[in-house]
Every structure is written in structure tokens, then in C-alpha cells.
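In: After the sequence you'll find the predicted model.
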Amino acid sequence: MPSYTNTFVSKLPEVPTSIFSVMSTLAIKHNALNLSQGFPNFESDSKLIEAVNKAMNDGKNQYAPMPGIFSLRDAIAAKMENLYGVSYNPETEITITAGATQAIFTAIAATIKKDDEVIIFKPAYDSYEPTIQLFGGKTIAVQLNPEDFKIDWKLVKGLISDKTKMIIINTPHNPSGRILTKQDMLQLETLLKNTNIILLSDEVYEHIIFDGEQHQSAALFPALAERAFITASFGKTFHNTGWKVGYCLAPKELMDEFRKVHQFNVFSVNHPTQVALAEHLKTPNNYLELNSFYQQKRDLFLSLIKDSKFEFIPSKGTYFQLLNFKNITDESDYDFAVRLTQEQKIAAIPISVFNQHKLDTKVLRFCFAKTDETLKQAASILNSI
Ligand SMILES: Cc1ncc(COP(=O)(O)O)c(C=O)c1O
């Protein structure tokens, strides 16, 4: 092939292959149990799969409307009303997206300009920072204390300036499994009142929250909701991450801008899955039962490894559990994760990759969205280390 004269400068020069691809590829190569990437190894409800088939057989195979089919947006509005007593107008304030990642991308693309500052909390989901960078924004990263992952709101206040355009929060939090409390949200509300700062509230694990705690959605706090893009993922809620369907909620003024971008990067989202999801959402138990479903998995996993050398604080939400291995080895978390995969046949994610300056706190993230059988096999490996 003739060589292309490269005058092209990468827009994301420092972005490596995602750790999820790295660990999953290594897990396949070494035939290891894969507790690294965040997806279930069990099936979505068969009724939901049948409903997608039916929608395809019924001819729902052409473009869906740009913001998503109305019945799905309407079902989401009803869910928000039921759970939080807040009303989002399905016509103007809800858009169906190709997963939450696209919703996050589009919200940032629609609002962040060159030199705008965006405050994020690390460890953070890996799409935030490169997306901010793509649109010329500057990430202001706050490293959370690795012991408790609590946000120091006084410190955040000190970082806010005229350039601050957005703050991104994530609750329940991947990878720590920590949740933001009502007190956290009230402090954030006080900080943002009387500013023009936009909030991006990543709530993809909204329905995976344990020990009787309540999810504190940004929608519940008026001075947050009025400026918030809230992003959500059906993949996480209904065990079908591969369908890549999610949604975004925002007040009309913000949603108008969101849709201007949305119509040019995806235009519209997979139609038959939307038809099926609209029907499935009408039964609240389909999402309300998720808390106890995953709490049982967390409890099973933790009870099985309670005598291992790993240390842990039980996850409060999400389907991730952090395990500290400082009693086992001085290796870096990355090296230990690779060795575990190669030699012990179990894959996890080293959380330094999500931290500021790759801070290594000797912690690995394990996904417990797995069958009980897989969790038992995983525990028996971890107990033998
Ligand atoms: C915190 C967080 N936000 C967003 C996403 C993306 O969700 P989706 O698969 O719907 O794009 C994930 C998925 O792992 C996540 O953990």
C-alpha cells in the first residue's frame, strides 16, 4: 500500500486500547473466568427476547423516530413519576440512545467547547475524559480517597471557576460500588445553585443498589434537575449490554441541544428492541427486583471469599466488588491482574487505569453479574491465593 504522508495529528494521542478489551482478550487466550468486563453471563428475560422477535416479525425494522419511539419514552416518563415523583415530558425531555455511552458522548458534544472545564471524580468510567478532550474541553480530575471514595465538596468548591462548564457524577459508582447520599446531593445542589454549570449525572446502575438504600437521582433535587443530563442504560438493568440501548433525560432547553447532535451521530436507535423494552418497562417488578437479585449475588460472592487474603468493603451498588490484595503481593495492580489471568485463570480489572496519574491502591475490580456457579468457581480460585 502506498504510504500516506502523515500530517495528521491524533485528537486522542494518549488513549490506549481499553483495559476491558485487554483483559477480556487475555481471559480468552488463557481460558480464564472473566470477571473483568461489566456484563452478565446469564440471559436476559426470555419474554423480552421473544418481544424483540415479535417486533421484528411485526415489521418494526425501519428507522425509529429520531428521539426514540413514543411508547418507550412514555414508559420511561411513567417510571420517573412512579419512582421519584418527577415529571419528564416524553415529547421534549427524553431521548433514547445507543447505550449510556452515546448519551454521555452526545451530552458532552452538545455543550463543551474549547477550554471549558469539566470536573470529574476519579476513578471514573473511561469514556468521560477522552470525550471532553475531543471537544477541546479540559478535565479537572478529583481523585477520590481510596479508603471510602467520599467526595470532599469543599475541595470541589475550590475547583469551580468561571471556566467550569460541567460536573460529572456517577451514582452508584463504577468501580467503587459507593453511592452518593442525600447529603452529598444537597451539598452539590448548594454548590451549583446560582451558577450556569451543567450536571451530567451518570445513573446507569440506578436499579442496582443494596441494603435498603435509596438511589438519589439528580431528578429528585430541583436545582440539580433543572441543569442535569441524566444518563441510563437498559443493558445494565435488563441483562442485555449487547443491545446498547439507553436513554437521556434533561429539561427541554438542554434536550433541544442534545438532539441537534444526536440526530447527526446516530439519528435513531435500534427499533425492535425499543418496542420490546417499552412493553417490558410497564411491569415495574422487572426493574424493582434487580436490587435483591444482585444483592444475593454480592452476598454469595462475599460470603464465599470471607476467609481469603483479600480485603473488602461490601459494594453498596453496581455489580462490581473491589478486592484489596495488599496482603498477597507488592506487585502493581496491573501486573497482578495479568498474572491472575495467566496463572490462576481468573480475570479482573486493575483500578489504577481509572485513577488520576494511574494511582495504584492494590485493588482489583470483580464483576459479580455472573451465575452462582461462576461465582463459586471464582471464589474457590480466590480462596486458594
Ligand atoms: C459508569 C458507567 N457509565 C456508562 C456505562 C455505559 O453503559 P452502556 O453500555 O449503556 O453504554 C457504563 C458501562 O459499563 C458504566 O459503568
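Out: Good, I have the coordinates. The structure displayed is predicted, hence computed values, not measured ones.
In: contacts and neighbour counts: CA atoms only from here.
Out: Noted.
In: What parts of this protein come near the ligand?
Out: Proximity of the chain to the ligand (Cα under 6 Å from any ligand atom) is limited to residues 38, 99-101, 125, 174, 202, 204, 233, 235, 241, 244, 246.
In: got a winner among the residues you listed for most neighbours?
Out: Asp202 (28 neighbours; other Cα atoms under 10 Å).
In: now for the helix or strand bottoming out on mean pLDDT in the chain, which elements pack on it?
Out: One helix or strand of the chain scores below all others by mean pLDDT, DSSP states H and E: helix 19-29, with a mean of 92. Packed against helix 19-29 by the contact rule (3 or more Cα pairs under 8 Å, 6 or more residues apart in numbering; DSSP states H and E) you find strand 33-34, strand 346-347, strand 349-350.
In: related to what we said a few turns ago, of the residues of the chain next to the ligand, which belong to strands?
Out: If you go by DSSP state E, those have Asp202, Ser233, Gly246 in strands.
In: circling back: quick one: contacts of the least confident helix or strand of the chain?
Out: 33-34, 36-37, 338, 341-342, 345-349, 353 (Cα atoms under 8 Å, 6 or more residues apart in numbering).
In: now stretch 160-175
Out: By Cα under 8 Å, 6+ apart, the list of residues contacting stretch 160-175 reads 112, 115-121, 123-125, 178-180, 196-206, 208-209, 215-216, 316-318, 320-322, 351, 365.
In: Could you identify the buried members of these?
Out: Among the contacts of stretch 160-175, those buried by neighbour count (16 or more other Cα atoms under 10 Å) are 112, 115-121, 123-125, 178-180, 197-206, 208-209, 215-216, 316-318, 320-322, 351, 365.
In: Please identify which of the ones in strands among the residues of the chain next to the ligand is nearest to the ligand.
Out: If you rank these by distance to the ligand using Cα to the nearest ligand atom, Ser233 comes first, at 4.1 Å.
In: doesn't Gly158 fall inside a helix?
Out: Yes - counting by DSSP: H, G, I helix; E, B strand; the rest coil, Gly158 is located in a helix.
In: Can you give me the pLDDT of it?
Out: pLDDT recorded at Gly158 is 97.
In: Look through the stretch 251-385 of the chain and state the residue closest to the ligand.
Out: Thr318 (8.3 Å).
In: these two touch, right, that residue and Glu203?
Out: No - Thr318 is beyond contact range of Glu203, at 10.0 Å (criterion: Cα atoms under 8 Å).
In: Quick one: the strands in this protein, in order.
Out: 33-34, 94-97, 117-122, 138-143, 164-170, 198-202, 228-233, 246-249, 320-324, 346-347, 349-350, 363-367.
In: Now render those as TSV, adding mean pLDDT.
Out: Compiled in TSV, the strands of the chain are given as follows (pLDDT from 0 to 100):
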stretch	mean pLDDT
strand 33-34	96
strand 94-97	98
strand 117-122	98
strand 138-143	97
strand 164-170	98
strand 198-202	98
strand 228-233	98
strand 246-249	98
strand 320-324	98
strand 346-347	97
strand 349-350	96
strand 363-367	98
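In: What residues sit buried inside stretch 40-60?
Out: Going by 16+ other Cα under 10 Å, stretch 40-60 has these buried residues: Pro40, Leu48, Ile49, Ala51, Val52, Ala55, Met56, Lys60.
In: Could you dump the residues you listed into TSV and include pLDDT?
Out: Below are these laid out as TSV (pLDDT from 0 to 100):
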residue	pLDDT
Pro40	95
Leu48	97
Ile49	97
Ala51	98
Val52	98
Ala55	98
Met56	98
Lys60	98
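In: for the residues you listed, which one is nearest the ligand?
Out: Closest to the ligand, out of all of those and judged by Cα to the nearest ligand atom, is Pro40, at 11.3 Å.
In: right, and the closest one touches Asp372 too?
Out: No - judged on Cα under 8 Å, Pro40 makes no contact with Asp372 at a distance of 11.4 Å.
In: nearest spatial neighbour of Ala219, skipping sequence neighbours?
Out: Nearest-residue entry for Ala219: Ala225, 4.7 Å, with adjacent residues in sequence omitted and distances by Cα to Cα, 6 or more residues apart in numbering.
In: Likewise for Ser315?
Out: Nearest one to Ser315, counting by Cα to Cα, 6+ apart, is Gly177 at 4.6 Å.
In: for Val156, same thing?
Out: Val156 sits nearest to Val142 (Cα to Cα, 6+ apart), 7.8 Å away.
In: For beta bridges, what are the partners of the one you found?
Out: Phe121 (DSSP bridges).
In: so what's it up against?
Out: Ile119, Ile120, Phe121, Lys122, Val156, Gln356.
In: picking that back up, tell me how many other residues surround the residue nearest to Ala219.
Out: Residues near Ala225, counting by other Cα under 10 Å: 22.
In: Isn't Pro130 up against Leu12?
Out: Yes - with contact defined as Cα under 8 Å, Pro130 reaches Leu12; the gap is 6.8 Å.
In: So if I had to pick from the two, which one is more boxed in?
Out: Counted by other Cα under 10 Å, Pro130 and Leu12 do not tie: Pro130 has more neighbours, with 19 against 11.
In: So for Thr17, what's the pLDDT?
Out: Looking at Thr17, the pLDDT reads 84.
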